[in-house]
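Student: Got a predicted model here, sequence first, then my questions.
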Protein chains: 2
Amino acid sequence: MPLEKYIEKLKLKGYKATPQRRAIINALLMAKGPASARDILAEVQQEFPGVSLDTVYRNLHLLAQMGIAHQIDLRSCESSKFEIGGVHHHHLVCIGCGQAVCLDCCLVDASFMSRAEAQGYQLVGHAFELYGYCSSCQVHGMGVSK
Amino acid sequence: MPLEKYIEKLKLKGYKATPQRRAIINALLMAKGPASARDILAEVQQEFPGVSLDTVYRNLHLLAQMGIAHQIDLRSCESSKFEIGGVHHHHLVCIGCGQAVCLDCCLVDASFMSRAEAQGYQLVGHAFELYGYCSSCQVHGMGVSK
DNA sequence: ATCATAAATAGGAATATTCTTATTTATCGC
DNA sequence: GCGATAAATAAGAATATTCCTATTTATGAT
């Protein structure tokens, strides 16, 4: 999806289209894989040297809450990473090195929406991650089979 | 499950039964709900005033990786919380206030194990959380329906 | 174009989390 | 019990993340 589509979504909810915000979305669009807040900051700084880290975090979280970006929790050892666009999917994450493999499936269906509503919740998204050790990290003795 | 059962599990993998570790597991056992690292620290400090925060984090992550404790990612606004014992389950988390409601279900079955193995991964656990706004946070205008 | 207003930003302070290193300690074999 | 050894700890440094506040800015209405 192109940048302007995301900007439109944001405007519909009353969020503004600031240059920094555009740059952050662009950085996500150009990223090769899941990107950390640092990665995004480095990218955005090319255009806006004075951009604050807080702005990056604030926007990444906003995008995640809007369902525009997807947040991947790497569980310790590293901070969250973010991803934008593509078909909805989840990840198999290595808790040794942080590498993430895409899983082209999602178990969450409409029934969860009503389930959440029954609790008085307004659902905005979900997380699903499998955690383990990749082949490389098993070799290096970080696995659990010791 | 009693403390000693968990200690046994740890020893089987070569991890030691230190007094601090026991205290941390105990704190989790006595917690009324999901507890943050701070919560655990405060509890453990009653017995070990000099315990370091690092020790708390290290052990919580170890317990999570061992499948003994369950880590709940609250998505911004607050840090992760941890929970021990009980039947395996997941949570409906409010991204406004951090409150978590238990969901007595789990969509992950054995097929995911082979799926992970096909990628060369050794699976140790998974995360599944639904995110939204609780009724109280919707009222206070933090919801997305603006 | 100008104005009013809510949203966003930068900057710095406050927290939270992780990492590094030297020291201590639990565990195991004798 | 005693010693060897790997694991764990405390302490503090280094990062990461969030919070607070004053200022700037995008947007919609005039």
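Tutor: Everything's here; your move.
Student: Which SSE is immediately downstream of the longest strand along chain A?
Tutor: In chain A, with assignment by DSSP state E, the single longest strand is strand A:122-133. In the C-terminal direction, the helix or strand that comes right after strand A:122-133 (DSSP states H and E) is helix A:135-139.
Student: returning to what we had before: by contact count, what packs against the longest strand of chain A?
Tutor: helix A:53-65, strand A:90-94, helix A:110-118, helix B:110-118, strand B:122-133 (3 or more CB pairs under 8 Å, 6 or more residues apart in numbering or on different chains; DSSP states H and E). Where you see a C-beta, it was placed from the backbone N, CA and C, and this is true even at glycine.
Student: is DNA strand D contacted by it?
Tutor: No. Against DNA strand D, strand A:122-133 shows no contacts by CB under 7 Å from any atom of the strand, the least distance being 14.1 Å.
Student: Looking at stretch A:20-28 now, give me its mean pLDDT.
Tutor: Per-residue pLDDT over stretch A:20-28 has a mean of 97.
Student: Contacts for that stretch, please.
Tutor: By CB atoms under 8 Å, 6 or more residues apart in numbering or on different chains, the residues outside stretch A:20-28 that reach it are A:3, A:6-7, A:10, A:15, A:35, A:39-40, A:43-44, A:47-48, A:51, A:55-56, A:59-60, A:63, A:68-69, A:82-85.
Student: Show the buried residues in these.
Tutor: Buried members of those, scored by 16 or more other CB atoms under 10 Å in any protein chain shown, are A:6-7, A:10, A:15, A:35, A:39-40, A:43-44, A:51, A:55-56, A:59-60, A:63, A:68-69, A:82-84.
Student: of all the residues in chain A, which ones are close to DNA strand C?
Tutor: Counting by CB under 7 Å from any atom of the strand, chain A sits next to DNA strand C at A:10, A:14-16, A:18, A:20-21, A:48, A:50-52, A:54-55, A:58-59, A:62, A:76-78.
Student: Sitting in strands, which of the contacts of stretch A:20-28 do you find?
Tutor: Of the contacts of stretch A:20-28, the ones assigned to strands by DSSP E are A:69, A:82-84.
Student: number of nearby residues for the closest residue to DNA strand D within chain A?
Tutor: Closest residue of chain A to DNA strand D, CB to the nearest atom of the strand: residue A:79 (2.2 Å). By other CB atoms under 10 Å in any protein chain shown, 12 other residues sit near residue A:79.
Student: give the contact list for the residue nearest to it when sequence neighbours are not counted.
Tutor: Leaving aside its sequence neighbours, residue A:79 sits nearest to residue A:36 (CB to CB, 6 or more residues apart in numbering or on different chains; 5.8 Å). The neighbours of residue A:36, taking CB under 8 Å, 6+ apart as the test, are A:78-82.
Student: what does residue A:74 give?
Tutor: Residues near residue A:74 by CB under 8 Å, 6+ apart: A:80-81, A:93, A:95, A:98, A:100.
Student: If we check chain B, which of those residues are in contact?
Tutor: The residues of the contacts of residue A:74 that also fall near chain B, by CB under 8 Å from any CB of the partner chain, are residue A:95.
Student: among the contacts of residue A:74, who's most crowded?
Tutor: Most neighbours among the contacts of residue A:74, by other CB under 10 Å: residue A:93, with 27 neighbours.
Student: Stretch A:8-19: end-to-end distance?
Tutor: Distance across stretch A:8-19, first residue to last, is 14 Å (CA to CA, to the nearest Å).
Student: quick one: is it near chain B?
Tutor: Yes. Part of stretch A:8-19 sits near chain B under the criterion CB under 8 Å from any CB, namely A:13-14.
Student: Give me the neighbour count for residue A:124.
Tutor: Neighbour tally, residue A:124, other CB under 10 Å: 18.
Student: picking that back up, what separation is there between the residue of chain A closest to DNA strand D and residue B:73?
Tutor: To residue B:73, residue A:79 is 12 Å away according to CB to CB, to the nearest Å.
Student: Mind checking if stretch A:87-100 is in reach of DNA strand D?
Tutor: No. Stretch A:87-100 lies out of reach of DNA strand D by CB under 7 Å from any atom of the strand, never closer than 11.5 Å.
Student: cool, stretch A:58-77 as well?
Tutor: Yes. Stretch A:58-77 is in contact with DNA strand D by CB under 7 Å from any atom of the strand, via residue A:61.
Student: tell me the mean pLDDT over that stretch?
Tutor: Mean per-residue pLDDT for stretch A:58-77: 88.
Student: Run the chain-centre distance for that stretch.
Tutor: 4 Å (CA atoms, centre = their mean, to the nearest Å).
Student: Cool, thanks, signing off.
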